[in-house]
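Novice: quick check, what structure comes out for this input:
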Amino acid sequence: MKELRAGVLLGALAGALAGTVETIDVIGRHGQLLFGPGAGFSLTAQIFAATITAGTLFGVVLGALAQVAAALSRDNTGLLPRAAALNRRLLAERSRDLRRCLVITLLAALLLALFLRVLSRLFLNFPLGPRDLLPHVLVVAGCAALALLARAWLGPRGERHGIVPLSASAWTLAFLSAAGFALLYVIDHDYYVHLYNTVHLGLTALALGAACLLLLALASGFETEGMRFPRWSALALAGIWLVTAAASLVLYRSNEDVKAFLYNRTTYAKRIYPLLARVIPLFASRPFPSIAAAPGKSAVPAAEPSPDLRGANVILITIDAVRADHLGVYGSPRTLTSSLNHFARRSVIFRRAYAQGANTFPSFSSLMTGRLPSAVTWEHPFEPPLPPENLTLAEILDQAGYDTGAVTSHPYFDDRWGLPQGFKHHDNSAGVYNRDNRGIVSARVERKSEAMLARLRPPFFFWAHFYDPHAHYMPRAVNRFGTRDVDLYDGELADTDAQIGKLLRWINANRSGPAILVICSDHGEEFGDHGGQYHGATLYEETVHVPLLIRVPGVRPRLVHKPVGLVDVVPTLLDLLRIPAPEGLAGRTLGPVFAGRPLPDPDRPVVSEASQLAWKRMALRGRWKLIRDDAHDTWELYDLGRDPRELRNRFHLDPDRVRDLKRVLQAAPEIRR
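Specialist: As a prediction, the model looks like this:
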C-alpha cells in the first residue's frame with residue numbers, strides 16, 4: 001500500500017506538472033481569448049483549473065497502474081524492476097563535473113533531435129524540422145534548466161534540510177527528461193493533431209513518464225531520512241485538490257464554453273475528460289435533445305426559371321484541400337491564383353460555399369450524389385467504398401446520353417472505392433500517393449486531361465481532380481513564399497493554379513460546343529487557426545468554407561453572398577441541362593442565380609458533417625453557425641458577421657439562435673455509426 005501511495009503521488013505531481021505546462025502554452029496561444037475584451041475572469045480560472053486537474057487525474061491513474069505492474073514483477077525479471085535498478089545505479093554516482101555533464105546532455109539532445117528528424121521523415125506524413133522542434137524544446141528545457149540551476153544553488157545551502165547536490169547522472173537524466181517531455185508535447189500538439197485518440201493517449205502517457213523521470217532526478221538529491229512533514233498539510237493539499245477536481249468535472253459536464261475550449265484548444269485535457277466520461281456515468285454525453293418543429297413556418301417559395309442549356313458539355317475541376325480565403329478572388333493578399341482569378345471574372349462567384357464533409361471521401365460522395373454524407377448509403381459510415389446503390393451525377397448523365405470521363409490523382413478514386421462509378425473513361429494514374437503524401441502531380445493531371453477531353457464525344461461530362469495542395473506540402477522551384485507549412489501550401493496552390501490555367505486555355509481553344517464549367521474544392525485546411533492542423537476533424541470556416549465558381553454560357557458574372565453548399569451542384573446542373581433530378585436530394589438548384597434572379601429561399605440553412613475522431617454536425621443560417629460535437633457533448637455558436645475567426649462561443653448568449661439551428665440539425669438525417 002505504501003508503494004501504491006508513492007506511485008499515485010508521483011503520478012499526480014507529474015500530471016500537475018504537465019497540466020501546468022499546458023496551461024502556460026494555452027496562455028501563449030490563446031491569450032486573446034482568455035484575457036482580451038469580453039473575456040471573463042470566471043471562464044479563464046475555470047479553464048486553468050480544468051487543464052491542471054486533467055493532467056493530475058491522468059497522472060494518478062498512470063502512477064497507480066505503474067506501481068501495480070511493478071508489484072506483479074517482484075521477481076526482478078520484469079522490465080520495470082530492471083529499469084528501476086538502472087536508475088538507482090545512475091543516481092548513486094556523485095560526480096560533480098558539471099561541464100562534462102552539460103556536454104553529454106547537449107550531445108544526447110542533439111542525437112535525440114536527429115533521431116526524431118529521421119524517424120519523422122520515414123514514417124510521419126508531416127516531418128519535424130529543426131525550426132519546428134527547437135523552439136519548443138528550448139522553452140521547456142530552458143525552464144527545466146532554470147529550475148535545476150536553482151536546485152543546484154540551493155543544494156549546498158540546504159543540507160540542513162536534507163538537500164544535497166545533484167549527481168552528474170541526475171543532471172543528465174533531468175535534462176533529457178525535460179527535452180523528451182517537450183518533444184512529446186510538440187508532437188502531440190502540433191504534428192499528430194486531431195488524428196487518433198489512442199495515439200494521443202499514448203503520447204500523453206509517454207510525456208507523463210518523462211515528467212516522472214524529471215521529478216525522480218530532482219528528488220534524487222533529497223535525503224528523506226529525518227525529513228518530517230506535518231500530516232495536516234498533506235490532508236489540506238489533498239482536500240484542495242479533490243475540491244478542484246470535482247469542480248472541474250462538474251464544469252466539464254455543465255459549461256459548454258469550458259467544454260468546447262478544452263476540446264478544441266488543449267492537448268491533454270481534451271483527451272482525458274472524454275475518457276473519464278466513458279467510465280463515469282455521471283459525465284457521459286447527453287442524448288441529442290428532441291426539439292419541436294418551429295411553429296408557423298412558411299412553405300419554401302417556388303424556384304425561379306433558370307437558363308435552358310440542354311445538351312451542353314459539363315466540365316468539373318476540383319482541387320484538393322483549398323480553403324477559400326487563400327484565393328485572390330476570396331480576399332487572399334498573396335498573388336497565388338491568377339488563373340482562377342481570371343476565370344472568376346467571367347463566372348458566378350459563390351462567396352459563401354460550404355463543403356458537406358470535412359475530408360475527401362464524404363465530401364465528394366455528397367458532391368456526386370446531391371445528398372448529405374449522413375443520407376448516403378454506406379457500408380461503413382463516411383468511409384470507402386461508396387456502394388453502387390447510390391446514384392451519382394455521372395450515372396445520371398450517362399443515362400441521359402452523355403459521354404463521361406475523369407482524370408484523377410487520389411487513392412480514393414480507385415475503381416474499388418466507388419467514386420468513379422458512372423464514368424466510362426477513367427484515368428487515376430496521374431498521382432503517386434506515397435506513404436508521406438509526396439509527389440507533384442498537377443502537370444500530369446493537366447496533360448492527361450487534355451488527352452481525354454480530345455477523345456470525349458459531345459455532349460460529355462468530364463471531371464479533373466488536382467491533388468497537389470494536399471499535405472505533404474512540397475517546396476516548389478518557382479512559387480516560394482517561405483518555409484512554414486502555410487507558405488509551402490500556398491506555393492503548391494500557386495503551382496496548381498498555373499496548371500489549371502493551362503487546361504482552361506486548352507479548353508477555350510478546343511471547345512466543342514457550349515460548356516458549363518464548375519471549379520470547387522472538397523474541403524479546406526487548417527494551419528493552427530483553432531489549435532489544429534490539416535482537416536477532417538473540425539467544422540470551422542478554414543475547414544469547410546471552400547471556393548465555388550461556375551461559368552455558364554451567356555450568363556454575366558456576379559457575386560452571390562448567401563450561403564450555399566456543394567450539395568447544391570447536382571440539382572443545379574440537372575436543372576440547367578433540363579434533366580429530371582432524382583427524388584430525395586438534399587441540395588437545391590441555384591439556377592435562378594444564372595437567370596439574374598435572387599435565390600427563392602435565401603435563408604435556407606447549410607448543413608455539414610464530420611466523422612474523423614468525433615461525430616460533428618454544423619448548421620449555418622445567415623451569419624449564425626452552430627456546431628454540435630456528439631462524441632464530446634459540446635455546442636458552439638458563432639456570429640460570423642462579427643466574429644469571422646470563430647473565437648467567441650455565444651452558445652449561452654443567444655438562446656433563440658440556438659433553438660433555431662438545433663431544429664435544423666434535428667431535421668437532418670441521423671448519422672449512422
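Novice: list the strands paired with the strand or helix carrying Leu549, with their directions.
Specialist: Element membership of Leu549, judged by DSSP states H and E, is strand 548-551. Paired strands of strand 548-551, with direction, are strand 348-350 (antiparallel), strand 515-521 (antiparallel) (DSSP bridges).
Novice: and the helix or strand following the longest one, what does it pack onto?
Specialist: Proceeding C-terminally, strand 515-521 gives way to strand 526-527 as the next helix or strand, assigned by DSSP H and E. If contacts are counted by 3 or more CB pairs under 8 Å, 6 or more residues apart in numbering; DSSP states H and E, strand 526-527 sits against helix 485-509, strand 533-534, helix 541-544. Yep, even glycine has a C-beta here, placed from its N, CA and C like the rest.
Novice: what's the most buried one of those?
Specialist: helix 541-544 (a mean of 26; mean count of other CB atoms under 10 Å).
Novice: give me the contact list for that one.
Specialist: 323, 325, 354-355, 358, 523-527, 529-530, 535-536, 608, 610, 618, 640, 644-646 (CB atoms under 8 Å, 6 or more residues apart in numbering).
Novice: hang on, the earlier thing: pull the CA atoms of the strand holding Leu549 into PDB?
Specialist: Extracted C-alpha coordinates of strand 548-551, given in PDB (Å, rounded to 0.1, in the frame of the first residue of the first chain):
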ATOM      1  CA  LEU A 548     -17.200  27.600 -55.800                       C
ATOM      2  CA  LEU A 549     -17.000  29.200 -59.200                       C
ATOM      3  CA  ILE A 550     -19.500  28.400 -62.000                       C
ATOM      4  CA  ARG A 551     -19.300  29.700 -65.600                       C
END
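Novice: pLDDT averaged over that strand, what's the number?
Specialist: Average pLDDT, strand 548-551: 97.
Novice: show me the contact partners of it.
Specialist: With contacts defined as CB under 8 Å, 6+ apart, strand 548-551 is touched by 329, 340, 343-344, 346-350, 353, 516-520, 564, 566, 569, 572, 590, 594.
Novice: residues contacting Leu327?
Specialist: 336-337, 340-341, 547.
Novice: list the contacts for the residue nearest to it when sequence neighbours are not counted?
Specialist: Among residues not flanking Leu327 along the chain, Thr337 sits closest, at 4.8 Å (CB to CB, 6 or more residues apart in numbering). The contact partners of Thr337, taken as CB under 8 Å, 6+ apart, are 326-329, 493-494, 497.
Novice: roughly how far does Thr337 sit from Ala610?
Specialist: 26 Å (CB to CB, to the nearest Å).
Novice: let me see the domain layout of the chain.
Specialist: Domain segmentation of the chain under automatic domain parsing yields 1-72+228-286, 96-224, 313-606.
Novice: among those, show the one with the smallest mean pLDDT.
Specialist: Per-segment mean pLDDT for the domains of the chain reaches its minimum on domain 96-224, at a mean of 56.
Novice: from Arg371, how far off is Ile507?
Specialist: When distance is defined by CB to CB, Ile507 is 29 Å away from Arg371.
Novice: assumed Leu367 was part of a strand.
Specialist: No - per DSSP: H, G, I helix; E, B strand; the rest coil, Leu367 lies outside any strand segment and is helix.
Novice: quick check: the closest residue to it other than its chain neighbours vs Ser363, distance?
Specialist: Distances taken as CB to CB, 6+ apart place Leu566 nearest to Leu367, at 4.8 Å, with adjacent residues excluded. Using CB to CB, Leu566 is found at 7 Å from Ser363.
Novice: quick one: common contacting residues for these two?
Specialist: Joint contacts of Leu566 and Ser363 (CB under 8 Å, 6+ apart) are 355-356, 522.
Novice: same list, those, but as JSON lines with neighbour count and distance to His425 please.
Specialist: Below are the shared contacts of Leu566 and Ser363 laid out as JSON lines (neighbours: other CB atoms under 10 Å; distance: CB to CB, whole Å):
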{"residue": "Ala355", "neighbour count": "31", "distance to His425": "26"}
{"residue": "Gln356", "neighbour count": "32", "distance to His425": "27"}
{"residue": "Asp522", "neighbour count": "29", "distance to His425": "22"}
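Novice: export the residues you listed as TSV, with columns for distance to Pro602.
Specialist: Compiled in TSV, those are given as follows (distance: CB to CB, whole Å):
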residue	distance to Pro602
Ala355	20
Gln356	19
Asp522	25
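Novice: out of those, flag the one nearest to Ala312.
Specialist: Nearest to Ala312 among the shared contacts of Leu566 and Ser363: Asp522, at 24.1 Å, using CB to CB.
Novice: who touches that closest one in this structure?
Specialist: Asp522 makes contacts with 318, 320-321, 355, 357, 359-360, 363-364, 367, 546, 566, as judged by CB under 8 Å, 6+ apart.
Novice: ok so Tyr638 is a strand residue?
Specialist: Yes - assigned with three-state DSSP, Tyr638 falls within a strand.
Novice: which residue is the nearest non-sequential neighbour of Arg457?
Specialist: In space, Arg457 is closest to Asp403, 4.9 Å off (CB to CB, 6+ apart).
Novice: phi and psi next, for the one you found.
Specialist: Dihedral pair for Asp403: phi -80, psi 140, per degrees, to the nearest 10.
Novice: go ahead and confirm it touches Lys424.
Specialist: Yes - counting by CB atoms under 8 Å, Lys424 is a contact partner of Asp403 at 6.5 Å.
Novice: ok, the two, which is more surrounded?
Specialist: The residue with more neighbours, out of Asp403 and Lys424, is Asp403; 18 against 15, by other CB atoms under 10 Å.
Novice: is His465 in a helix, a strand, or coil?
Specialist: Quick answer, by three-state DSSP: His465 is strand.
Novice: and the closest residue to it other than its chain neighbours, its phi and psi?
Specialist: Closest residue to His465 apart from its sequence neighbours, by CB to CB, 6+ apart: Thr408 at 4.3 Å. Main-chain torsions, Thr408, degrees, to the nearest 10: phi -130, psi 170.
Novice: count the neighbours of Thr408 for me.
Specialist: Thr408: 28 neighbours (other CB under 10 Å).
Novice: that one and Gly209: what is the separation?
Specialist: 44 Å.
Novice: cool, and Asp656?
Specialist: Distance from Asp656 to Gly209, by CB to CB: 49 Å.
Novice: more crowded one of the two?
Specialist: Gly209 (18 against 8).
Novice: work out for me the element that one sits within.
Specialist: Assigned by DSSP H and E, Gly209 falls within helix 197-219.
Novice: ok, now Val322?
Specialist: Assigned by DSSP H and E, Val322 belongs to neither a helix nor a strand.
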